[in-house]
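A.B. asks: I'd like to go over a predicted model; first the sequence, then the structure.
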Amino acid sequence: MHEQSAHAEHVYTSAQRNNSAAASSPIVASWRRCMTMHQLAPEDERAPLRLTDEEFHHVREQSERLIAGATEELDRLFTTVGKAGCCILLTDRNGIALERRGAVGDDKDFRELGLWIGSVWTEASIGTNGIGTALADERAVAIFRDQHFFCSNIRLSCTTAPIRDHRGEVAAALDISTCREDVSEMTLAILTQTVRDAAMRIELNLFRSAFTGARFLMVPAGANSAAALLAVDRHDLVLGATRAARIALQLDDKRIAAGIPAADALQEASVSQQEEIVEAEKAALLRALSRTSGNVSQAALALGISRATLHRKMKKFDLH
């Protein structure tokens with residue numbers, strides 16, 4: 001009881017401070033939101049809101065693509081951390097837990113805390129927490145024990161990464177939580193990197209599924225290069241870009257909708273329109289010859305031109 005009272009007092013005191021350290025702390029900023037925006041009190045003991053079965057069924061139906069794109073990663077993540085007393089949650093953009101992975105022996109404790117499907121892990125529902133704060137700040141966060149808002153959650157440690165859709169908008173969150181007393185901040189830092197990597201792979205799954213049939217180009221983007229992809233159509237026009245690619249290439253929905261060529265987006269060496277036509281014709285000949293293993297007669301037939309014409313074009317482009 002004393003520990004809970006001390007925590008509540010610490011939250012109130014920190015949230016009321018105006019010094020630079022408190023003002024720059026994302027945890028304190030979340031505590032302030034909980035008190036001013038959501039009218040919550042840290043001394044309260046409460047579980048997160050829970051949807052009815054009918055409400056949950058409806059929400060889950062709307063998230064079928066998200067769940068399909070995340071299932072493999074959730075299973076892989078569980079094999080890595082599930083037996084170490086961790087619970088894994090996938091939520092939608094509203095903080096509603098859609099999928100869960102956890103060891104059967106830990107189910108009772110996690111269910112009592114509300115780490116279960118159908119629970120709502122927003123800041124408005126349950127105060128400062130990994131999922132709610134990551135969604136509010138649109139960035140990965142780790143909330144270690146008494147950094148949680150409510151006294152009832154100060155033994156919980158969680159780390160969460162937001163998941164963005166094919167337009168770069170936050171669409172979901174991936175969370176690892178644990179109640180283990182031997183979890184240190186260093187352990188949580190390792191789990192944070194693990195959950196970030198898994199969230200990035202889910203993002204890429206969602207991006208690829210949104211542009212079925214497109215070609216995907218990796219954009220040189222420093223540390224985020226693995227997450228920086230362009231979806232390109234057969235005419236080399238950009239169909240979509242991940243958030244990392246949008247930031248690296250300064251792309252937005254308007255530029256993409258206008259039909260920007262991938263070569264222009266990547267700022268590749270510019271050539272004249274006439275040179276582009278020449279290169280396109282040469283590329284078509286090379287593809288035809290490659291598909292026929294160099295058989296000129298078959299390539300000419302595939303291109304709908306005579307064998308003599310193909311020979312002339314091959315000579316023109318020095319393809320013999």
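C.D. replies: Structure received. Numbering: from 1, shown residues only.

A.B. asks: And residue 49, how far from residue 152?
C.D. replies: 14 Å (Cβ to Cβ, to the nearest Å). Every C-beta, even on glycine, is put in place using the N, C-alpha and C of the backbone.

A.B. asks: need the helices for the stretch 201-320 of the chain, in chain order.
C.D. replies: 243-249, 253-257, 262-265, 273-291, 296-303, 307-316 (DSSP state H, counting those that start in this stretch).

A.B. asks: quick one, which of residue 49 and residue 152 is more surrounded?
C.D. replies: residue 152 (21 against 16; other Cβ atoms under 10 Å).

A.B. asks: is it fair to say the more buried one lies in a helix?
C.D. replies: Yes: according to DSSP: H, G, I helix; E, B strand; the rest coil, residue 152 belongs to a helix.

A.B. asks: If we ignore the residues flanking it in sequence, what's nearest it?
C.D. replies: Using Cβ to Cβ, 6 or more residues apart in numbering and skipping the chain neighbours, the partner closest in space to residue 152 is residue 45 (4.0 Å).

A.B. asks: What distance do you get for that neighbour to residue 37?
C.D. replies: 21 Å.

A.B. asks: Then residue 189?
C.D. replies: Taken as Cβ to Cβ, the span from residue 189 to residue 37 is 29 Å.

A.B. asks: still on that earlier bit, most tightly surrounded among the helices of the stretch 201-320 of the chain?
C.D. replies: Burial of these is given as mean neighbour count (mean count of other Cβ atoms under 10 Å); helix 243-249 ranks first at a mean of 21.

A.B. asks: average pLDDT for it?
C.D. replies: In this model, helix 243-249 carries a mean pLDDT of 93.

A.B. asks: Over to stretch 159-175?
C.D. replies: 97.

A.B. asks: hey, where'd the strands end up in the chain?
C.D. replies: Using DSSP state E, the strands of the chain run over 49-50, 86-92, 97-101, 119-120, 141-144, 157-164, 170-178, 215-218, 229-232, 238-241.

A.B. asks: I'd like a version of these in CSV, one that adds distance to residue 290 as further columns.
C.D. replies: Formatted as CSV, the strands of the chain follow (distance: least, Cβ to Cβ, whole Å):
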stretch, distance to residue 290
strand 49-50, 59
strand 86-92, 43
strand 97-101, 44
strand 119-120, 55
strand 141-144, 50
strand 157-164, 37
strand 170-178, 40
strand 215-218, 17
strand 229-232, 20
strand 238-241, 25
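
A.B. asks: between the ones you listed, which one is nearest to residue 109?
C.D. replies: Closest approach to residue 109 among the strands of the chain (Cβ to Cβ): strand 86-92, 8.8 Å.

A.B. asks: counting contacts, what elements does that closest one pack onto?
C.D. replies: For strand 86-92, the contact count by 3 or more Cβ pairs under 8 Å, 6 or more residues apart in numbering; DSSP states H and E identifies helix 64-81, strand 97-101, helix 130-137, strand 170-178 as packing neighbours.

A.B. asks: Rebuild the ones you listed as JSON lines, extending it with mean neighbour count and distance to residue 195.
C.D. replies: Below are the helices and strands packed on strand 86-92 laid out as JSON lines (neighbours: other Cβ atoms under 10 Å; distance: least, Cβ to Cβ, whole Å):
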{"stretch": "helix 64-81", "mean neighbour count": "17", "distance to residue 195": "8"}
{"stretch": "strand 97-101", "mean neighbour count": "21", "distance to residue 195": "12"}
{"stretch": "helix 130-137", "mean neighbour count": "27", "distance to residue 195": "9"}
{"stretch": "strand 170-178", "mean neighbour count": "26", "distance to residue 195": "5"}
